[in-house]
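*Asks:* build the 3D model from these lines:
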Amino acid sequence: MEHPLRHSSFARALSAIQEHQQGHHGWSILHAAIHHLHAAGHTHLHDILDACWMRRPHISDSHLITLVSIALREIVLKRPVGAIIFRPEYTTAERTAELATLLAEHRGELVDSICHHSNSFTGARRFIVPQLVIGAFASAHRLTDVRFLDLGTGLGILPRQLNQHKVFHRFAADLRWNGLRVGYREIPLSLRHGVDADPLPSLDWVRTCFGPSAYYEERFEELVWSLEQTAQLSDEITISALNILELDRLHDYIRLHRFNAITCSFVLYQYDEEIRHSIVATVVKALEQPGVLVSMEPSHDGLVRQGCRVEAYLAGGGQPVHLADVSDAHFIGRASWRRRGLETLRTSWRAR
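*Replies:* The predicted model follows:
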(Lines give C-alpha, C1' and ligand atoms only; values in the text may rest on other atoms or scores of the structure.)
Protein backbone atom coordinates (compact mmCIF):
# COMPACT_ATOMS: atom_id res chain seq x y z
CA MET A 1 0.00 0.00 0.00
CA GLU A 2 1.36 3.40 -1.00
CA HIS A 3 1.59 6.17 1.62
CA PRO A 4 2.14 9.35 -0.45
CA LEU A 5 1.64 11.81 2.42
CA ARG A 6 4.01 9.89 4.65
CA HIS A 7 6.60 9.73 1.88
CA SER A 8 6.44 13.52 1.56
CA SER A 9 6.78 13.97 5.31
CA PHE A 10 9.66 11.45 5.42
CA ALA A 11 11.49 13.32 2.66
CA ARG A 12 11.17 16.65 4.50
CA ALA A 13 12.44 15.13 7.73
CA LEU A 14 15.32 13.43 5.93
CA SER A 15 16.34 16.71 4.33
CA ALA A 16 16.16 18.59 7.64
CA ILE A 17 18.04 16.01 9.65
CA GLN A 18 21.08 16.36 7.39
CA GLU A 19 21.46 19.95 8.63
CA HIS A 20 22.12 18.85 12.21
CA GLN A 21 25.06 20.85 13.61
CA GLN A 22 27.04 17.76 14.53
CA GLY A 23 26.47 16.03 11.22
CA HIS A 24 24.99 13.22 13.26
CA HIS A 25 28.48 11.90 13.86
CA GLY A 26 28.83 9.55 10.93
CA TRP A 27 25.20 9.22 9.85
CA SER A 28 24.82 12.23 7.58
CA ILE A 29 26.45 10.80 4.45
CA LEU A 30 24.17 7.76 4.69
CA HIS A 31 21.17 10.06 5.12
CA ALA A 32 22.23 11.88 1.95
CA ALA A 33 22.32 8.61 0.01
CA ILE A 34 18.93 7.57 1.36
CA HIS A 35 17.53 10.97 0.42
CA HIS A 36 18.88 10.64 -3.12
CA LEU A 37 17.29 7.21 -3.62
CA HIS A 38 14.00 8.30 -2.07
CA ALA A 39 13.78 11.36 -4.32
CA ALA A 40 14.48 9.12 -7.32
CA GLY A 41 11.56 6.88 -6.34
CA HIS A 42 13.77 3.87 -5.68
CA THR A 43 11.37 0.90 -5.62
CA HIS A 44 12.98 -1.15 -2.87
CA LEU A 45 13.35 1.82 -0.53
CA HIS A 46 9.76 2.89 -1.05
CA ASP A 47 8.56 -0.69 -0.54
CA ILE A 48 10.53 -0.97 2.71
CA LEU A 49 9.06 2.27 4.05
CA ASP A 50 5.51 1.31 3.05
CA ALA A 51 5.86 -2.06 4.78
CA CYS A 52 7.12 -0.36 7.94
CA TRP A 53 4.28 2.15 8.00
CA MET A 54 1.77 -0.67 7.65
CA ARG A 55 3.24 -2.50 10.65
CA ARG A 56 4.18 0.56 12.74
CA PRO A 57 1.58 3.22 11.92
CA HIS A 58 2.51 5.51 14.83
CA ILE A 59 6.25 5.69 14.19
CA SER A 60 7.64 9.21 13.79
CA ASP A 61 9.68 10.17 10.73
CA SER A 62 12.77 10.82 12.83
CA HIS A 63 12.58 7.42 14.49
CA LEU A 64 12.08 5.68 11.17
CA ILE A 65 15.11 7.48 9.72
CA THR A 66 17.27 6.35 12.64
CA LEU A 67 16.00 2.78 12.40
CA VAL A 68 16.63 2.52 8.65
CA SER A 69 20.16 3.76 9.31
CA ILE A 70 20.74 1.39 12.23
CA ALA A 71 19.35 -1.61 10.36
CA LEU A 72 21.70 -0.87 7.46
CA ARG A 73 24.61 -0.55 9.87
CA GLU A 74 23.73 -3.92 11.38
CA ILE A 75 23.92 -5.51 7.92
CA VAL A 76 27.17 -3.74 7.06
CA LEU A 77 28.81 -5.01 10.24
CA LYS A 78 28.11 -8.51 8.97
CA ARG A 79 28.95 -7.71 5.33
CA PRO A 80 32.02 -5.43 5.32
CA VAL A 81 31.94 -4.79 1.59
CA GLY A 82 28.83 -2.65 2.12
CA ALA A 83 30.68 -0.40 4.55
CA ILE A 84 31.37 2.13 1.81
CA ILE A 85 27.92 3.63 2.49
CA PHE A 86 29.46 5.11 5.66
CA ARG A 87 32.83 6.11 4.22
CA PRO A 88 33.31 9.74 3.16
CA GLU A 89 36.29 8.92 0.91
CA TYR A 90 33.88 7.38 -1.61
CA THR A 91 31.80 9.52 -3.94
CA THR A 92 28.11 10.10 -3.41
CA ALA A 93 27.39 8.08 -6.54
CA GLU A 94 29.40 5.12 -5.25
CA ARG A 95 27.73 5.17 -1.85
CA THR A 96 24.27 5.51 -3.39
CA ALA A 97 24.87 2.60 -5.78
CA GLU A 98 26.04 0.37 -2.93
CA LEU A 99 23.04 1.41 -0.84
CA ALA A 100 20.69 0.46 -3.68
CA THR A 101 22.30 -2.98 -3.80
CA LEU A 102 21.94 -3.48 -0.05
CA LEU A 103 18.28 -2.47 -0.13
CA ALA A 104 17.56 -4.90 -2.94
CA GLU A 105 19.41 -7.82 -1.36
CA HIS A 106 18.22 -7.35 2.22
CA ARG A 107 14.71 -5.93 1.90
CA GLY A 108 13.01 -8.52 4.13
CA GLU A 109 15.77 -8.44 6.74
CA LEU A 110 15.61 -4.66 6.90
CA VAL A 111 11.84 -4.58 7.34
CA ASP A 112 11.97 -7.16 10.11
CA SER A 113 14.74 -5.32 11.93
CA ILE A 114 13.00 -1.95 11.70
CA CYS A 115 9.64 -3.33 12.81
CA HIS A 116 10.93 -5.36 15.75
CA HIS A 117 13.36 -2.90 17.32
CA SER A 118 13.62 0.66 18.53
CA ASN A 119 16.55 3.02 18.42
CA SER A 120 18.14 1.76 21.63
CA PHE A 121 20.93 4.30 21.78
CA THR A 122 21.86 4.32 25.44
CA GLY A 123 23.45 7.54 26.64
CA ALA A 124 25.61 6.97 29.70
CA ARG A 125 25.22 10.58 30.87
CA ARG A 126 21.46 11.04 30.78
CA PHE A 127 20.92 9.96 34.38
CA ILE A 128 22.53 13.17 35.69
CA VAL A 129 19.39 15.32 35.58
CA PRO A 130 17.05 12.61 36.98
CA GLN A 131 19.51 12.16 39.84
CA LEU A 132 19.20 15.87 40.66
CA VAL A 133 15.46 16.26 40.05
CA ILE A 134 14.30 13.08 41.78
CA GLY A 135 16.72 13.71 44.63
CA ALA A 136 15.25 17.19 45.12
CA PHE A 137 11.71 15.83 44.78
CA ALA A 138 12.28 13.17 47.45
CA SER A 139 13.85 15.72 49.77
CA ALA A 140 10.99 18.21 49.33
CA HIS A 141 8.44 15.54 50.22
CA ARG A 142 10.56 13.91 52.90
CA LEU A 143 10.19 10.63 51.04
CA THR A 144 11.98 7.63 52.46
CA ASP A 145 10.70 5.19 49.84
CA VAL A 146 11.28 6.06 46.18
CA ARG A 147 10.02 3.37 43.81
CA PHE A 148 11.64 4.07 40.47
CA LEU A 149 10.76 3.06 36.91
CA ASP A 150 12.58 3.87 33.66
CA LEU A 151 10.46 3.68 30.49
CA GLY A 152 12.16 2.46 27.31
CA THR A 153 15.11 1.45 29.45
CA GLY A 154 17.14 -0.43 26.83
CA LEU A 155 19.95 -2.16 28.70
CA GLY A 156 18.68 -0.75 32.00
CA ILE A 157 21.71 1.43 32.58
CA LEU A 158 19.87 4.47 33.97
CA PRO A 159 18.32 2.65 36.96
CA ARG A 160 21.76 1.23 37.78
CA GLN A 161 23.51 4.59 37.62
CA LEU A 162 21.33 6.40 40.15
CA ASN A 163 23.14 7.06 43.46
CA GLN A 164 26.46 5.93 42.01
CA HIS A 165 28.81 8.72 43.16
CA LYS A 166 31.79 7.68 41.04
CA VAL A 167 29.76 7.53 37.85
CA PHE A 168 27.90 10.76 38.61
CA HIS A 169 30.99 12.82 39.35
CA ARG A 170 32.85 11.57 36.28
CA PHE A 171 30.13 12.71 33.90
CA ALA A 172 28.70 15.69 35.80
CA ALA A 173 32.07 17.41 35.51
CA ASP A 174 31.51 17.78 31.73
CA LEU A 175 28.14 19.48 32.13
CA ARG A 176 28.52 23.20 32.78
CA TRP A 177 25.48 24.72 34.49
CA ASN A 178 24.44 28.28 33.71
CA GLY A 179 22.81 30.17 36.54
CA LEU A 180 20.94 28.17 39.16
CA ARG A 181 22.39 25.01 40.66
CA VAL A 182 20.51 22.06 42.09
CA GLY A 183 22.76 20.03 44.33
CA TYR A 184 23.33 16.29 44.30
CA ARG A 185 21.12 14.39 46.73
CA GLU A 186 21.00 10.69 47.43
CA ILE A 187 17.68 9.17 46.35
CA PRO A 188 16.13 6.79 48.93
CA LEU A 189 15.51 4.07 46.37
CA SER A 190 13.60 0.97 47.37
CA LEU A 191 12.79 -0.29 43.84
CA ARG A 192 14.67 0.07 40.54
CA HIS A 193 12.72 -1.12 37.52
CA GLY A 194 12.93 -0.63 33.77
CA VAL A 195 10.65 -1.67 30.91
CA ASP A 196 11.15 -1.92 27.18
CA ALA A 197 9.44 -3.58 24.26
CA ASP A 198 10.16 -7.21 23.47
CA PRO A 199 12.72 -8.24 22.31
CA LEU A 200 14.82 -6.50 24.95
CA PRO A 201 17.89 -5.03 23.25
CA SER A 202 21.26 -6.74 23.47
CA LEU A 203 24.58 -4.94 23.80
CA ASP A 204 25.28 -5.89 20.17
CA TRP A 205 22.08 -4.16 19.02
CA VAL A 206 22.86 -1.10 21.12
CA ARG A 207 26.31 -1.02 19.53
CA THR A 208 24.76 -0.63 16.08
CA CYS A 209 22.78 2.37 17.35
CA PHE A 210 26.02 4.31 17.88
CA GLY A 211 27.19 6.03 14.71
CA PRO A 212 30.44 5.15 12.94
CA SER A 213 32.60 7.97 14.26
CA ALA A 214 35.22 8.74 16.90
CA TYR A 215 32.62 10.75 18.83
CA TYR A 216 30.33 7.74 19.12
CA GLU A 217 33.23 5.44 19.95
CA GLU A 218 33.84 7.61 23.02
CA ARG A 219 30.16 7.51 23.97
CA PHE A 220 30.08 3.72 23.64
CA GLU A 221 33.19 3.35 25.76
CA GLU A 222 31.43 5.44 28.43
CA LEU A 223 28.47 3.07 28.31
CA VAL A 224 30.65 -0.02 28.69
CA TRP A 225 32.53 1.64 31.57
CA SER A 226 29.23 2.48 33.28
CA LEU A 227 28.00 -1.08 32.90
CA GLU A 228 31.21 -2.32 34.50
CA GLN A 229 31.04 0.20 37.34
CA THR A 230 27.45 -0.73 38.19
CA ALA A 231 27.68 -4.47 37.62
CA GLN A 232 27.22 -5.15 41.34
CA LEU A 233 23.70 -3.68 41.13
CA SER A 234 22.45 -5.96 38.36
CA ASP A 235 20.57 -8.21 40.81
CA GLU A 236 18.76 -5.19 42.25
CA ILE A 237 17.34 -4.08 38.89
CA THR A 238 14.19 -5.60 37.42
CA ILE A 239 13.96 -5.29 33.63
CA SER A 240 10.66 -6.38 32.10
CA ALA A 241 9.45 -6.75 28.53
CA LEU A 242 6.56 -4.31 28.27
CA ASN A 243 5.64 -2.19 25.28
CA ILE A 244 4.59 1.23 26.56
CA LEU A 245 2.15 1.49 23.64
CA GLU A 246 0.06 -1.11 25.51
CA LEU A 247 -1.42 1.58 27.71
CA ASP A 248 -3.59 -0.64 29.89
CA ARG A 249 -0.64 -2.90 30.72
CA LEU A 250 1.55 0.12 31.39
CA HIS A 251 -1.06 1.62 33.73
CA ASP A 252 -1.48 -1.66 35.63
CA TYR A 253 2.28 -2.17 35.95
CA ILE A 254 2.75 1.28 37.45
CA ARG A 255 -0.14 0.83 39.87
CA LEU A 256 0.98 -2.67 40.87
CA HIS A 257 4.41 -1.47 42.00
CA ARG A 258 3.21 1.96 43.19
CA PHE A 259 5.97 3.79 41.35
CA ASN A 260 6.39 7.40 42.47
CA ALA A 261 9.38 8.39 40.28
CA ILE A 262 9.49 7.60 36.57
CA THR A 263 11.84 8.66 33.78
CA CYS A 264 11.31 8.65 30.03
CA SER A 265 14.50 9.46 28.14
CA PHE A 266 14.44 9.94 24.36
CA VAL A 267 11.48 7.62 23.95
CA LEU A 268 8.45 9.81 23.23
CA TYR A 269 9.98 11.33 20.07
CA GLN A 270 9.68 7.89 18.47
CA TYR A 271 5.89 8.23 18.17
CA ASP A 272 3.38 10.64 16.70
CA GLU A 273 2.06 13.44 18.88
CA GLU A 274 -1.23 11.76 19.79
CA ILE A 275 0.55 8.68 21.11
CA ARG A 276 3.03 10.79 23.09
CA HIS A 277 0.16 12.52 24.90
CA SER A 278 -1.56 9.19 25.58
CA ILE A 279 1.58 7.70 27.13
CA VAL A 280 2.15 10.72 29.39
CA ALA A 281 -1.52 10.83 30.42
CA THR A 282 -1.43 7.13 31.31
CA VAL A 283 1.72 7.53 33.39
CA VAL A 284 0.67 10.60 35.39
CA LYS A 285 -2.72 9.04 36.11
CA ALA A 286 -1.15 5.83 37.41
CA LEU A 287 1.70 7.42 39.40
CA GLU A 288 1.58 7.11 43.16
CA GLN A 289 1.09 10.49 44.84
CA PRO A 290 3.25 12.38 45.47
CA GLY A 291 5.03 11.32 42.32
CA VAL A 292 6.93 12.75 39.37
CA LEU A 293 7.60 11.85 35.75
CA VAL A 294 10.86 13.29 34.39
CA SER A 295 10.81 13.48 30.59
CA MET A 296 13.91 14.16 28.49
CA GLU A 297 13.35 14.62 24.76
CA PRO A 298 15.03 16.32 21.79
CA SER A 299 14.81 20.10 21.93
CA HIS A 300 13.62 20.15 18.33
CA ASP A 301 11.11 17.71 16.91
CA GLY A 302 12.68 15.40 14.36
CA LEU A 303 16.22 15.31 15.76
CA VAL A 304 17.11 18.19 13.47
CA ARG A 305 19.09 20.17 16.06
CA GLN A 306 21.29 19.58 19.04
CA GLY A 307 19.92 19.67 22.55
CA CYS A 308 17.54 18.22 25.06
CA ARG A 309 14.50 19.64 26.85
CA VAL A 310 13.74 18.40 30.35
CA GLU A 311 10.17 18.51 31.63
CA ALA A 312 8.44 17.23 34.76
CA TYR A 313 4.88 16.06 35.27
CA LEU A 314 3.33 15.62 38.70
CA ALA A 315 1.13 12.67 39.59
CA GLY A 316 -2.52 13.32 38.94
CA GLY A 317 -2.13 15.47 35.84
CA GLY A 318 -1.60 19.10 34.95
CA GLN A 319 0.64 20.88 32.51
CA PRO A 320 4.30 19.88 32.11
CA VAL A 321 6.86 22.01 33.90
CA HIS A 322 9.82 23.05 31.73
CA LEU A 323 12.75 22.38 34.05
CA ALA A 324 15.97 22.61 32.07
CA ASP A 325 17.68 22.74 28.70
CA VAL A 326 20.87 20.92 27.73
CA SER A 327 22.95 21.97 24.73
CA ASP A 328 23.89 18.42 23.65
CA ALA A 329 21.50 15.49 23.96
CA HIS A 330 24.42 13.37 25.14
CA PHE A 331 24.65 15.69 28.19
CA ILE A 332 28.01 17.21 27.38
CA GLY A 333 28.35 20.98 27.26
CA ARG A 334 25.97 23.54 28.76
CA ALA A 335 22.89 23.05 30.88
CA SER A 336 20.57 25.58 32.43
CA TRP A 337 17.69 25.33 34.84
CA ARG A 338 14.53 27.26 34.06
CA ARG A 339 13.99 29.48 37.10
CA ARG A 340 10.25 29.76 36.56
CA GLY A 341 9.98 26.03 36.02
CA LEU A 342 11.80 25.21 39.23
CA GLU A 343 9.73 27.71 41.20
CA THR A 344 6.52 26.30 39.72
CA LEU A 345 7.59 22.80 40.64
CA ARG A 346 8.63 23.79 44.16
CA THR A 347 5.29 25.55 44.66
CA SER A 348 3.47 22.46 43.46
CA TRP A 349 5.50 20.28 45.78
CA ARG A 350 4.66 22.49 48.75
CA ALA A 351 0.98 22.58 47.78
CA ARG A 352 0.82 18.83 47.77
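*Asks:* strands of the stretch 151-300 of the chain, start to end?
*Replies:* Along the stretch 151-300 of the chain, counting by DSSP state E, counting those that start in this stretch, strands occupy 175-178, 189-196, 237-241, 261-265, 292-298.
*Asks:* including mean neighbour count, could the ones you listed go into a markdown table?
*Replies:* Just so you know, the C-beta spots here come from the backbone N, C-alpha and C atoms, and that holds for glycine as well. Listed next are the strands of the stretch 151-300 of the chain as a markdown table, based on neighbours: other Cβ atoms under 10 Å:
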| stretch | mean neighbour count |
| --- | --- |
| strand 175-178 | 14 |
| strand 189-196 | 20 |
| strand 237-241 | 15 |
| strand 261-265 | 26 |
| strand 292-298 | 22 |
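*Asks:* now those strands in CSV, with distance to residue 47?
*Replies:* Shown next, in CSV, are these (distance: least, Cβ to Cβ, whole Å):
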stretch, distance to residue 47
strand 175-178, 44
strand 189-196, 28
strand 237-241, 30
strand 261-265, 33
strand 292-298, 29
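*Asks:* next, format those strands as CSV and append distance to residue 36 and mean pLDDT.
*Replies:* Shown next, in CSV, are the strands of the stretch 151-300 of the chain (distance: least, Cβ to Cβ, whole Å; pLDDT from 0 to 100):
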stretch, distance to residue 36, mean pLDDT
strand 175-178, 38, 87
strand 189-196, 34, 98
strand 237-241, 38, 97
strand 261-265, 33, 97
strand 292-298, 25, 95
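*Asks:* these: which one's closest to residue 66?
*Replies:* Nearest to residue 66 among these is strand 292-298; the distance by Cβ to Cβ comes to 11.2 Å.
*Asks:* the closest one pairs with which strands?
*Replies:* Take DSSP bridges as the rule and strand 292-298 pairs in its sheet with strand 261-265 (parallel), strand 308-314 (antiparallel).
*Asks:* got the ones you listed as TSV, with distance to residue 228 columns?
*Replies:* Compiled in TSV, the strands paired with strand 292-298 are given as follows (distance: least, Cβ to Cβ, whole Å):
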stretch	distance to residue 228
strand 261-265	21
strand 308-314	25
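*Asks:* among those strands, which comes closest to residue 167?
*Replies:* strand 261-265 (15.7 Å).
*Asks:* can you confirm residue 324 is in a helix?
*Replies:* No. Residue 324: not assigned to a helix; according to DSSP: H, G, I helix; E, B strand; the rest coil it is strand.
*Asks:* ignoring the adjacent residues along the chain, who's closest to residue 226?
*Replies:* Among residues not flanking residue 226 along the chain, residue 124 sits closest, at 4.5 Å (Cβ to Cβ, 6 or more residues apart in numbering).
*Asks:* what's the local residue count around that neighbour?
*Replies:* Residue 124: 24 surrounding residues under other Cβ atoms under 10 Å.
*Asks:* which element is it on?
*Replies:* Assigned by DSSP states H and E, residue 124 falls within no helix or strand.
*Asks:* hmm, back to that, between the strands of the stretch 151-300 of the chain, which one is closest to residue 339.
*Replies:* Closest of the strands of the stretch 151-300 of the chain to residue 339 is strand 175-178, at 11.0 Å (criterion: Cβ to Cβ).
*Asks:* list the contacts for the residue nearest to residue 226?
*Replies:* Residues near residue 124 by Cβ atoms under 8 Å, 6 or more residues apart in numbering: 157, 161, 171, 219, 222-223, 225-226.
*Asks:* among those residues, which two are most distant?
*Replies:* Spatially, the most separated pair among the contacts of residue 124 is 161 and 219, at 14.5 Å (Cβ to Cβ).
*Asks:* quick one, which of those two is more surrounded?
*Replies:* Neighbours were counted for residue 161 and for residue 219 using other Cβ under 10 Å; residue 161 has more, 23 against 20.
*Asks:* contacts only, for the more buried one.
*Replies:* 124, 127, 131, 167-168, 226, 230.
*Asks:* sorry, back to before: which one, of the strands paired with strand 292-298, ends up nearest to residue 65?
*Replies:* Closest to residue 65 of those is strand 308-314 (Cβ to Cβ; 18.4 Å).
*Asks:* quick one: the helices in the stretch 1-150 of the chain, in order.
*Replies:* Taking DSSP state H, counting those that start in this stretch, the helices of the stretch 1-150 of the chain run over residues 4-17, 28-39, 43-55, 61-78, 92-105, 107-116, 128-140.
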